[in-house]
Each structure stands twice: as structure tokens, then as C-alpha cells.
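>>> Please find the sequence and the predicted model below.
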Amino acid sequence: MSDRRRPNRREPFDHFARESRHVLVFEPFGNRAGFLCARARELRAVQLEIAAVLALRLERSGVKDGLCLVNAMHITASVFINDDEPGLHADYKRWLEWLAPYDASPERYHHNRTGEDNGDAHHKRQVMGREIVAAITAGKLDFGPWEQIFYGEFDGRRAKRVLVKVIGE
Amino acid sequence: MSDRRRPNRREPFDHFARESRHVLVFEPFGNRAGFLCARARELRAVQLEIAAVLALRLERSGVKDGLCLVNAMHITASVFINDDEPGLHADYKRWLEWLAPYDASPERYHHNRTGEDNGDAHHKRQVMGREIVAAITAGKLDFGPWEQIFYGEFDGRRAKRVLVKVIGE
Amino acid sequence: MSDRRRPNRREPFDHFARESRHVLVFEPFGNRAGFLCARARELRAVQLEIAAVLALRLERSGVKDGLCLVNAMHITASVFINDDEPGLHADYKRWLEWLAPYDASPERYHHNRTGEDNGDAHHKRQVMGREIVAAITAGKLDFGPWEQIFYGEFDGRRAKRVLVKVIGE
């Protein structure tokens, strides 16, 4: 897991790249995100990446009928399913900031006595959830018409990983 | 998936009916629900329907040991496990309205700039969750004494589907 | 499931003890917890116990590749994954008390008209979640560097159970 910064070019798929085993490795986003990779464009890119890797893995695994787990491997991030609509993601950002405001001081979040400033991110992650479990039917994700998988980043300073696990027959 | 309205008779199992593959199709509830199918009686009916379909599917699948996924296929709805107590469901309704009030305007929810008025529903769904995963042991759902599966509807205007997936041996 | 109180000695593993099938039985904590077994020390003990039982079960089951479900079997409790940091657990306690304050009266929580006083606990549980699903790879939990499984207790007066289910090959 490299910690080096990527160049500031922000093409989709550019700021995260490598796949190892069943884990997607996202390069550090380069600054504190506040919410959801800070920008809808990046969020959208991560969503496309997860969808692409999932499709590839389903094909490779040959699983036709089973379950798929997708989870954040870090405790200040979420994997969740909702609408691919930038206005909604902006709403989530504001809402989560109301529910658990960013505050680096150790007064609001005792967790920040450890030297961290991401106490808020641990709370936001609980609201949005760690993982999703989806059904696989006929070799495809069995999704409703608007379901899309997103990765929510609430801290943003370290390389992060998303685990994708497929089981079944 | 039919969009026609059902008659206003509200016997249990009456306002939703069809099963296709491993998916329960709920007819539209006919008006904006606000929360949880608007009325405890309907909520209870949906809960009974899910339980009945689950039992039937477990029997048909012959799975004795495995996992069961139940998820909303729509992004303004939830499947969750809690107590079958109407007072609690009324509490949830009020609490979710405090956490994410219904507001059709695009000022509170940018999502509503799309012409939708259900920005709040996308937030309520995150608090209550999309899915449950339950253990199957000896051919039955391995539940604690008070665990019941509910479908939470926060929008209420379209036909909705709940996916039930059983895997194991 | 015994309801007798344990002596007040609070060594790790002391206030809960028995394992039956794939279920951990926790003895009653002896007083209303408010949150998370009331004390970080107990929370930590429960976390160690879950981790120990999971490791044992993975070894016994021989499963090398699969999924693991860990869920609270009671509807005023949670199983969740986050950081093993006492300051954060204190933050969660305060935050959940803001989101859904303890109030025994039936005015705030209609649920308490039933004679219960744990309406708040049913709300806290929804925020923190009922269950986690984790990947098993090479016979071990496939976790990120800081992921730890916790049991959150929001009522605290009855013996509680945590289910651990392993499936795979």
C-alpha cells in the first residue's frame, strides 16, 4: 500500500488504480475530504471503479447464484447503496456535517485526544454503514433499477481499501 | 410490475400480492407514506408477508444451514429488524422526521431540484438500513426471541420490491 | 439462558461465559447500561470474547473462504465494527444520547407505554446497526488494519446473545 501522493490530474480512475486479490486500493485523496471523496466527480469515479471490478470478478469467479459482500476496510469510510445523483450526495454531506460536525478539538470528540482529528468521521461512517451485501442471480448483481454502490470517504488522508468478496456457485 | 391502484380495501396481504422469482412485489401504497407504509397495520401486513414468503422459500430451497439476505430493491426504502410494537413504529416515524424532515422544496434537499420531492426519504433509508442478513440453522431463521423483519417505506408512491435470497446447503 | 446475577468481580470474560451452538450468551450486566456495556473495560472484554470465539470457530469449521455473520440476537443491542479506542466509545455514548435520549416516560417514546423504559435503546440500535458481515480468506477474517468487532448494549438488564455464523468452504 503506497502512501505517495498522486499527481493532481483528476481523470476518472486516475487517483486510484491497483487491485490486489479481492481488494481495491485507493490512493490517498490528498486532502481532508470532509465527505465522500470531497467531490462528486471523484465519488462517481470510485463508484464506476467498484462496479467495473465487481463485474469483472463475477465473470472470473463464474458464480451464478450467491452473495457479494463489498465493505470499506477502514473505519472512517463507508460502502453504501443509494442514488447516483450529485444533489443527493451534496445533501448527505451537509446532513452528516449536522449529525457529526468536523471538529479537530478534543473537547467535542474525546477520540481526538489521541492526536487524530477524525472523530467526526468515525460517527459519519456509522450512519452510512460499513458494508453492503447483494444477491447474485444469473451471474449478475441482482439490483433494483436505481441501486448503485458508493464508497464514502470521511477522512481522506490515507490510502484506503475496499474489499469485494463473491461466494456461491 | 403493475402501477394500477388497488382498491381501498386494506385487508392484510391485500395491497401487495405477487411474487416473482425471489422478489416480493408490493403494489403502490397510493399516497405518500411519510413513514413505514403510513400505518402500523400495513407495516404489520408487510412484515407477515415477508415472514410467510421466507418460510416458504426456506422450505422449498431445502437449505438447512446458510444465510438469508432480505433487502429493499429501492433506494427510498429499508428492510430492518426490530420489535413488532406499534408504539415503537410511531416513535421511529417521529424520530426520522426530526432527523430528516419531509420538505419538497429544493432548498433543504438539493436532490429535489431533479423534480423529486423525496430527498428526505433517501436520508431516512440510510438510518434504518437497506438490508438484513440472517442465519439459517436447522432449516429455520435463527432469530432471537423478539426479532421480526420489517419493510420501511419512506416514499410510498411507486410499486416496490423486496428481494429474498437464500444460500447454503 | 440463566438470569441470575454474576458476582461483581469484573475480570475480562467473567461477566459472560457460556457458548451454546454458534451463540455467545452474555450474562446480564446488572444495571441499565445506557450505552455499550456502560464501561469501556467491559466493552473491550466483550470484543475480546467475540474475537476469541470467532477464531476458534473458524479453526473448527475448517472454512478457508467464505462469509461470517455476527449479529445481536436482541433488538436493543448492536454488533458493529470500528476502532478499539475508549475515547471514541465515550464519544459514541454521548452522541447516541443526543440522537435518542434515555427517557422512561411514555411521552417521548410511545413504546414505553408498554411498561418498558427502553424506547431509546431501540433507536440507538438502528444507528449502530444489528449485524456485520465479514469476509473469510485463507481461514481468517479478512479485516483492515483497525477493524474490530464490538457488541453495543443499550438496555443492559437481561442476558443477551450474539450469534456467530460461518459459511463457505
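Cool, got the structure.

>>> List the buried residues of stretch A:84-104.
Neighbour-count burial for stretch A:84-104, with 16 or more other C-beta atoms under 10 Å in any protein chain shown as criterion, is recorded at A:84-93, A:95-96, A:99-100, A:102. Every C-beta, even on glycine, is put in place using the N, C-alpha and C of the backbone.

>>> wait, stretch A:135-142
Residues of stretch A:135-142 classed as buried by neighbour count (16+ other C-beta under 10 Å): A:Ala135, A:Ile136, A:Thr137, A:Leu141, A:Asp142.

>>> Farthest-apart pair in the residues you listed, please.
The span of the buried residues of stretch A:135-142, defined through C-beta to C-beta, is set by A:Thr137 and A:Leu141 at 8.4 Å.

>>> for A:Ala51, what are its contacts?
Applying C-beta atoms under 8 Å, 6 or more residues apart in numbering or on different chains to A:Ala51 gives the contacts A:Gln148, A:Ile149.

>>> and the residue of chain A nearest chain C?
As assessed by C-beta to the nearest C-beta, chain C sits closest to A:Met73 within chain A, at 3.1 Å.

>>> so that residue sits right up against A:Arg161, yeah?
Yes: the criterion here is C-beta atoms under 8 Å, and A:Met73 meets it with A:Arg161 at 4.3 Å.

>>> Could you pick out the residues of chain A near chain C for me?
A:21-22, A:67, A:69, A:71-75, A:99-100, A:109-114, A:119, A:122-123, A:125-127, A:129-131, A:133, A:161, A:163, A:165, A:167 (C-beta under 8 Å from any C-beta of the partner chain).

>>> among these, which are within reach of chain B?
Subset of the residues of chain A next to chain C in contact with chain B: A:Leu67, A:Leu99, A:Val127, A:Gly129, A:Val133, A:Ile167, counting by C-beta under 8 Å from any C-beta.

>>> I'd say the fourth one and B:Arg125 touch.
No: counting by C-beta under 8 Å, B:Arg125 is not a contact partner of A:Gly129; they are 10.8 Å apart.

>>> Of these two, give the one with the bigger neighbour count.
More neighbours surround B:Arg125 than the other of A:Gly129 and B:Arg125, with 28 against 22 (other C-beta atoms under 10 Å in any protein chain shown).

>>> Return the backbone torsion pair for the more buried one.
Dihedral pair for B:Arg125: phi -60, psi -40, per degrees, to the nearest 10.

>>> Give the closest residue to it in space, chain neighbours not counted.
B:Ser78 (5.1 Å; C-beta to C-beta, 6 or more residues apart in numbering or on different chains).

>>> Given the helix or strand hosting that neighbour, what are its sheet partners and their directions?
Under the criterion of DSSP states H and E, B:Ser78 resides in strand B:77-82. Paired with strand B:77-82 in the same sheet, following DSSP bridges, are strand B:148-153 (antiparallel).

>>> Now the element after the partner strand, going C-ward?
Downstream of strand B:148-153, the next assigned helix or strand under DSSP H and E is strand B:160-168.

>>> related to what we said a few turns ago, among the residues of chain A next to chain C, which are located in strands?
A:Leu67, A:Leu69, A:Asn71, A:Ala72, A:Glu131, A:Val133, A:Arg161, A:Leu163, A:Lys165, A:Ile167 (DSSP state E).

>>> so what's the fifth one bridging to?
According to DSSP bridges, the residues that bridge with A:Glu131 are A:Asn71.

>>> Next, count neighbours for it.
A:Glu131: 23 surrounding residues under other C-beta under 10 Å.

>>> show me the contacts for A:Val133.
So, once contact is read as C-beta under 8 Å, 6+ apart, A:Val133 ends up touching A:Leu67, A:Cys68, A:Leu69, B:Leu69, B:Asn71, B:Glu131, B:Val133, C:Val133.

>>> could you dump those residues to CSV with pLDDT and distance to C:Gly156?
Compiled in CSV, these are given as follows (pLDDT from 0 to 100; distance: C-beta to C-beta, whole Å):
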residue, pLDDT, distance to C:Gly156
A:Leu67, 92, 33
A:Cys68, 91, 36
A:Leu69, 92, 31
B:Leu69, 92, 30
B:Asn71, 92, 30
B:Glu131, 97, 27
B:Val133, 96, 25
C:Val133, 97, 26
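
>>> Just the endpoints, please. Distance across stretch A:71-84?
18 Å (C-alpha to C-alpha, to the nearest Å).

>>> could you point out where chain A is predicted with low confidence?
Low-confidence segments of chain A (pLDDT under 70): A:1-48, A:157-159.

>>> May I have the beta-bridge partners of A:Leu67?
A:Ala135, A:Ile167.

>>> first to last residue in stretch A:131-146, what's the distance?
Across stretch A:131-146, first to last residue, C-alpha to C-alpha, it's 18 Å.

>>> What ranges does chain A have for its helices?
A:40-61, A:86-99, A:119-128 (DSSP state H).

>>> still on that earlier bit, excluding chain neighbours, what is closest to the residue of chain A closest to chain C?
Excluding its sequence neighbours, the residue lying closest to A:Met73 (C-beta to C-beta, 6+ apart) is C:Gly144, at 3.1 Å.

>>> Please apply the same query to A:Met128.
A:Met128 sits nearest to A:Ser78 (C-beta to C-beta, 6+ apart), 3.7 Å away.

>>> what about that neighbour, neighbour count?
26.

>>> How about the one 3 residues further on?
A count of nearby residues for A:Ile81, using other C-beta under 10 Å, gives 23.

>>> dump the residue contacts of it.
Going by C-beta under 8 Å, 6+ apart, A:Ile81 touches A:Ile132, A:Ala134, A:Glu147, A:Gln148, A:Ile149, A:Phe150, B:Ile75, B:Arg130.

>>> how about the residues of chain A that lie near chain B?
A:65-67, A:80-83, A:85, A:87-88, A:90-92, A:95, A:99, A:127-129, A:132-135, A:137, A:142-147, A:167-168.

>>> how about the residue of chain A closest to chain C, phi and psi?
Dihedral angles (degrees, to the nearest 10) for A:Met73: phi -100, psi 0.

>>> then stretch A:150-167 to PDB, C-alphas only?
What follows is stretch A:150-167, C-alpha atoms only, in PDB (Å, rounded to 0.1, in the frame of the first residue of the first chain):
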ATOM      1  CA  PHE A 150     -20.800   4.000  -3.500                       C
ATOM      2  CA  TYR A 151     -17.700   4.400  -1.400                       C
ATOM      3  CA  GLY A 152     -18.000   7.200   1.200                       C
ATOM      4  CA  GLU A 153     -14.700   8.700   2.400                       C
ATOM      5  CA  PHE A 154     -14.900  10.800   5.600                       C
ATOM      6  CA  ASP A 155     -11.300  11.300   6.400                       C
ATOM      7  CA  GLY A 156      -9.400  11.300   3.200                       C
ATOM      8  CA  ARG A 157      -5.800  11.400   4.100                       C
ATOM      9  CA  ARG A 158      -4.600   7.800   3.800                       C
ATOM     10  CA  ALA A 159      -4.700   5.200   1.000                       C
ATOM     11  CA  LYS A 160      -7.900   3.200   1.500                       C
ATOM     12  CA  ARG A 161      -9.100  -0.200   0.500                       C
ATOM     13  CA  VAL A 162     -12.500  -1.700  -0.400                       C
ATOM     14  CA  LEU A 163     -13.000  -5.400  -0.200                       C
ATOM     15  CA  VAL A 164     -15.100  -7.300  -2.700                       C
ATOM     16  CA  LYS A 165     -16.000 -10.900  -1.800                       C
ATOM     17  CA  VAL A 166     -18.100 -13.200  -4.000                       C
ATOM     18  CA  ILE A 167     -19.400 -16.600  -2.800                       C
END
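
>>> List the buried residues in that stretch.
A:150-167.
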